[in-house]
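Q: What shape does this take:
(chains A, B and C)
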Amino acid sequence: MEDSLTIAKEALAAAENANFVANNLWMLMSTVLVFIMHLGFAALESGFVQRKNVVNILFKNIMVVSIGILTYYFIGFNLMYPGVEGGVIAFGGFGLRTMEGAGDLIEYANGQYSYYTDFIFQGMFAATCCTIVSGAVAERVKLLPFLIFCVFFVSISYPITGYWKWGSGWLDAKGFYDFAGSTLVHSVGGWGALAGAILVGPRLGKYTKKGIVPITGHSMPLATVGVFLLWFGWFGFNGGSVLSADPKMVSLVFVTTSIAAAAGCIGAFIVSKLVYKSYDLGMALNGILGGLVGVTASADGVSVVDALLIGLIAGAIIPLSISFFDKMKIDDPVGATSVHLVCGIWGTIAVALFGDYDDGIGTLGIQLLGVGVVGLFTFSFAFLVFFLLKITVGIRVDKEEEMIGLDIGEHQAVAYS
Amino acid sequence: MEDSLTIAKEALAAAENANFVANNLWMLMSTVLVFIMHLGFAALESGFVQRKNVVNILFKNIMVVSIGILTYYFIGFNLMYPGVEGGVIAFGGFGLRTMEGAGDLIEYANGQYSYYTDFIFQGMFAATCCTIVSGAVAERVKLLPFLIFCVFFVSISYPITGYWKWGSGWLDAKGFYDFAGSTLVHSVGGWGALAGAILVGPRLGKYTKKGIVPITGHSMPLATVGVFLLWFGWFGFNGGSVLSADPKMVSLVFVTTSIAAAAGCIGAFIVSKLVYKSYDLGMALNGILGGLVGVTASADGVSVVDALLIGLIAGAIIPLSISFFDKMKIDDPVGATSVHLVCGIWGTIAVALFGDYDDGIGTLGIQLLGVGVVGLFTFSFAFLVFFLLKITVGIRVDKEEEMIGLDIGEHQAVAYS
Amino acid sequence: MEDSLTIAKEALAAAENANFVANNLWMLMSTVLVFIMHLGFAALESGFVQRKNVVNILFKNIMVVSIGILTYYFIGFNLMYPGVEGGVIAFGGFGLRTMEGAGDLIEYANGQYSYYTDFIFQGMFAATCCTIVSGAVAERVKLLPFLIFCVFFVSISYPITGYWKWGSGWLDAKGFYDFAGSTLVHSVGGWGALAGAILVGPRLGKYTKKGIVPITGHSMPLATVGVFLLWFGWFGFNGGSVLSADPKMVSLVFVTTSIAAAAGCIGAFIVSKLVYKSYDLGMALNGILGGLVGVTASADGVSVVDALLIGLIAGAIIPLSISFFDKMKIDDPVGATSVHLVCGIWGTIAVALFGDYDDGIGTLGIQLLGVGVVGLFTFSFAFLVFFLLKITVGIRVDKEEEMIGLDIGEHQAVAYS
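A: Numbers count the residues shown, from 1 in each chain, chains lettered A, B, ... in the order given. The predicted model follows:
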């Protein structure tokens, strides 16, 4: 008797540990996958800009991920997570809190992952919002002011709105739903991108009296590499947002995410061909991203057919939205506002239309409220920071530098030689 | 007593769950790895084509993976898997069946992975067979007819022959063995590539009265990135085909796969140097792929030295096979028929020569039968579809378009600017 | 009673198996991540060399990883691991020993991973040391002598010094600490790089009477892709060096590794700007790598703030070290000696300054001893092999070939057409 009880207890402890290890392992692998999305963004954005601005965009991208991780450690993580329930601002001091002893680890996050795992997974997400901005203001923004903007955006703005939902703040209490961040990550980045694109103004020669002049990217292979890597990383972005390795949920998320991405490609393909009479690679690539952004809010709670519709519509939106922003003379070299802002909003609304969640969760009203308040806060914050930088140090390179390119202007270097 | 029984049962359930979670996790990670092989193919193929056809090949590759996932959802998965044992065609209706409740999940696939995991892992494989074709017909095939071919090939042809073995159909009943798809994936793609290359004809200026004119790829770095990513993804392609995370089997597969890839590189290196007096990067890259394709049928059942020999021979085959197809005036810009068809056949035969399986499994006779019937069915199917497209809408761009390149011709775009 | 004992035992076995499977899975995923570092190196090095030498460096990189895996199988693994404790040379015969039966697997490596997992994880590490050398001698070294050097370096030199610490040899017995290889991998590669760079001599036109002529890399996007992939792979390089999936340790390693990489970027950024008045992308990229190399020796035993300081200093070292080697007229086209040798030494010393290990482990004296003896052995070995090759077959291409480039000279090919 003694014996069987001892063995049973030992077995139970070992089994609990195994579950903990496997769950934590998935969160770590998701971290690795989300990390490589930063290369995806770097490749996509550098592919979509002109040859003369490639070093600059690459430099910004490696700085943004580095700044993101460091500021998230010092400020962002504590500003986003350890708040009171239902609050507006959480603030838990500076730096990473000490990790509990090994014995307490299983208590943390319902035994799903360790404290450090939580930090590094969330930290990889944080920097994303700035990377989205960098594409929209590419080819004319000044390097240093942009990096200053990033420090404020990633360490203050992103964690505050993130706390509202994911940190159990007031939006969460109201029933707002955003599974992996159509709003909290993508449209946040998109609002920053919009504010930046407006304040920095369009590139020289983009909008002329004779009409809109297409300025094509310098390397489509690089852009394609970027999109594939983003899709690749999205398995961790969405799959890791299950916050455990639960086979049923994670595999559902894998399926909805992939189906939406594929449908986004097809949606953009069809609309490009019908409306613009062209098999446009750039549109199809952004269609994939649109599908991914669109399904991100509801990847854990829609059927496969729903995911297909969400992605298809997101992809179809892309060419129309890009055309719309061009008509508004808001110049966005990589289409970041269309992909992340417009499809992010669409995905957040899709939660109400397709999502299968508990009563009072993700209703149309609360989803629209979430889109609105997060948008209002983020756009205002980003606009204010960019505006203050504009009237002080300036945010745009001078005409001559823009003409010769930021690689020579800011870096005295060329991307290819 | 009561107590220890309760705890023992709880521990057993927790332990079974942990095994389920870990196994499922490996299948999901394998899915992610197989997914990125599509970027590998896109990079490889775009690197090996001329600068003027890069947008076109990239466009085809993102369309193929999207079409593959969607059609596999609607048709392929049910056509491949839920058939009767020993049959010729399996057909289980359209769309993805509903996932059982969480409680039943451990019953599925012997408790190794969830239903959705099964679908998405298999779905990532499916699109591969079309991607292989796209390389062989590159630089002159018409976009839309090619995409139509892909829809039929991936949703009908691939699942039917796949069912014969992996869906427990008649070839499986006879003892045919193909661990991860030297035949069922690679030579299937290779037969489609051969049919396409024959019907679409060689590129203009490739075979002239003065002899064979080499048309070199536009970017060797891109091709090299592709091969490394394919090797990377093959850890999931072969490793995931264990269908569990069994440490002994998966680690053996990792070793045999890597050793064969490395030996394939050396094999192609030696033959290139001895026969063609050159350190040829393209050959060495295809040698790696040849080694990988070669070991795919038997990676779970050969010794390390056997894997080395299989890879070495596969690599050595590559330069000879590429030279052979050129002599036959079958133009294949990326060497897909040599890598996937020829080395796929070699790998399937190698099961009989080196494999350590149960009696009656993988004998030379049954392996040759499998190679033959899968080849006959697939080549006929692909030839018929391409032929019907050829006599109706046409499958080849006109001469002028081929000269200026498909990027301008089909997409009004350039890859680099 | 009988019942509960039976169930308890069954549960315990299942739980132990689940832990084994999860641990082994992490080691396999780490293997995959370390593998892709070879693509990272290939991309980084080919990006940093001139357009005319790209095929050559890519060819070397795929050969090196292939040679590395094969020789590690035949010689390296047994020369590194199954030795007596405290010894100087371990030698356990040729080839991979047979894997024990499934029943014994849990006994191996304290039930953490299988024998084949051990081999393939270690095998992926081994080739790294040669890849580091290939960057430093790029653009002028002869292909075949370099490959011969690699065979000796990876199959003899690397395993001998590796055994001293990781194989429980004499340095381990003295208390030397090197968690994941700041010394045993990176500075070993760096010493080889230094020996090679000295003996092969600087590139033509690099050091002239008028001063140092910068020879810029041909593709900054390729170099950036390389650095992101190296960071990506480092999660497996450092994370896998925990040798289990222990959530506490692996997640700590993820955090320290990422923080050091980010801080390395910032450190190089600051010093480049202050000292050289430039936002230098190449320096920032190498700063990331410097941070990663620096934290590699102590990623499991430092606090987050310590990791930040280690990385920041490593990054700051990079521009100064690159400048120093240039003043010494030691020409290293990719900065491999600065990144791997100098930051490797710094990281090994940082163990003594920041590390939290048991008494007598990693003291400053023993760390310096380790740096010294490994350096002395490796530099001597590499120098001798390069020297013997130099006086026999020669290690440098002739002037004409160097001028037209090694792609034409060695491969009769061009990277781009």
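
Q: residues contacting residue A:411?
A: A:55-56, A:59, C:278-281 (CB atoms under 8 Å, 6 or more residues apart in numbering or on different chains). For glycine as for every other residue, the C-beta is placed from the backbone atoms N, C-alpha and C.

Q: Next: residue A:201.
A: A:140, A:331, A:396.

Q: Confirm for me that residue A:307 is in contact with residue A:292.
A: No: counting by CB atoms under 8 Å, residue A:307 stays clear of residue A:292, with 10.7 Å between them.

Q: quick one: common contacting residues for those two?
A: Counting by CB under 8 Å, 6+ apart, the contacts common to residue A:307 and residue A:292 are A:257, A:260.

Q: And what about the residue of the stretch 201-350 of chain A found nearest chain C, helix, strand or coil?
A: Closest to chain C within the stretch 201-350 of chain A is residue A:222: 5.7 Å, counting by CB to the nearest CB. Counting by DSSP: H, G, I helix; E, B strand; the rest coil, the backbone at residue A:222 sits in helix.

Q: Tell me how many other residues crowd it.
A: 25 (other CB atoms under 10 Å in any protein chain shown).

Q: ok, for it, nearest residue in space, not its chain neighbours?
A: Distances taken as CB to CB, 6 or more residues apart in numbering or on different chains put residue A:47 closest to residue A:222, at 3.3 Å, once the chain neighbours are dropped.

Q: now residue A:217
A: Per CB to CB, 6+ apart, closest to residue A:217 is residue A:48, 3.9 Å.

Q: That neighbour: what's it in contact with?
A: By CB under 8 Å, 6+ apart, the neighbours of residue A:48 are A:135, A:138, A:217, A:223, A:282, A:333-335.

Q: again, only using 6 Å
A: The contact partners of residue A:48, by CB atoms under 6 Å, 6 or more residues apart in numbering or on different chains, come to A:217, A:223, A:333-334.

Q: Report the separation between residue A:258 and residue B:370.
A: Distance, residue A:258 to residue B:370, by CB to CB, to the nearest Å: 30 Å.

Q: Looking at the two, which one has more neighbours?
A: Neighbour count, other CB under 10 Å: between residue A:258 and residue B:370, residue A:258 has more, with 32 against 29.

Q: avg pLDDT for the helix or strand containing the more buried one?
A: Applying DSSP states H and E as the criterion places residue A:258 in helix A:247-276. For helix A:247-276, mean pLDDT is 96.

Q: Quick one: list the elements packing against the helix or strand just after that helix.
A: As assigned by DSSP H and E, the chain's next helix or strand after helix A:247-276 is helix A:281-295. Under the contact criterion of 3 or more CB pairs under 6 Å, 6 or more residues apart in numbering or on different chains; DSSP states H and E, helix A:281-295 touches helix A:220-239, helix A:247-276, helix A:304-327, helix A:343-354, helix B:54-71.

Q: and the helix ranked longest in chain A with helix A:220-239, angle?
A: As assigned by DSSP state H, the longest helix anywhere in chain A is helix A:2-48. Orientation of helix A:2-48 against helix A:220-239 (axes from the mean of the first three to the mean of the last three CA atoms, to 10 degrees) gives an angle of 150 degrees.

Q: and helix A:2-48, average pLDDT?
A: Mean predicted confidence for helix A:2-48 is 95.

Q: now that helix against helix A:247-276, angle please.
A: Using the same axes, to 10 degrees: helix A:2-48 against helix A:247-276 is 10 degrees.

Q: Tell me the spacing between residue A:366 and residue A:314.
A: Here the distance between residue A:366 and residue A:314 works out to 21 Å (CB to CB).

Q: For the contacts of residue A:48, work out which two are farthest apart.
A: Greatest spacing in the contacts of residue A:48, by CB to CB: A:223 and A:333 (11.2 Å).

Q: What parts of the stretch 201-350 of chain A come near chain C?
A: residue A:222 (CB under 6 Å from any CB of the partner chain).

Q: Might you list the low-confidence residue ranges for chain A?
A: A:1-2, A:92, A:97-107 (pLDDT under 70).

Q: what's the neighbour count on the residue in the stretch 301-417 of chain A that chain C sits nearest to?
A: Of the residues in the stretch 301-417 of chain A, the one nearest chain C is residue A:415, at a distance of 4.6 Å by CB to the nearest CB. Residues lying near residue A:415 (other CB under 10 Å) number 30.

Q: Now name the helix or strand holding the closest residue to residue A:35 other than its chain neighbours.
A: The shortest distance from residue A:35 to any non-neighbouring residue, by CB to CB, 6+ apart, is to residue A:124 (5.1 Å). Taking DSSP H and E as the definition, residue A:124 sits inside helix A:115-136.

Q: which strands and helices sit next to that helix?
A: Judged by 3+ CB pairs under 6 Å, 6+ apart, helix A:115-136 is in contact with helix A:2-48, helix A:54-71, helix A:188-200, helix A:336, helix C:247-276.

Q: just so I know, which of these lies nearest residue C:40?
A: helix A:2-48 (10.3 Å).

Q: neighbours around the residue of the stretch 301-417 of chain A at minimum distance from chain B, how many?
A: Of all residues in the stretch 301-417 of chain A, residue A:304 sits closest to chain B, at 5.3 Å by CB to the nearest CB. Residues near residue A:304, counting by other CB under 10 Å, number 19.

Q: Can I get stretch A:278-293 in CSV? Just the C-alpha atoms.
A: C-alpha atoms of stretch A:278-293 as CSV (Å, rounded to 0.1, in the frame of the first residue of the first chain):
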residue,chain,number,x,y,z
SER,A,278,-2.8,41.9,-63.7
TYR,A,279,-1.2,38.9,-62.0
ASP,A,280,0.5,41.1,-59.4
LEU,A,281,3.0,39.4,-57.2
GLY,A,282,3.2,42.2,-54.7
MET,A,283,-0.6,42.1,-54.2
ALA,A,284,-0.6,38.3,-53.8
LEU,A,285,2.2,38.6,-51.2
ASN,A,286,0.3,41.2,-49.3
GLY,A,287,-2.8,39.1,-49.7
ILE,A,288,-1.2,36.3,-47.8
LEU,A,289,-0.2,38.7,-45.1
GLY,A,290,-3.7,40.2,-45.1
GLY,A,291,-5.2,36.8,-44.6
LEU,A,292,-2.8,36.1,-41.7
VAL,A,293,-3.6,39.4,-40.0
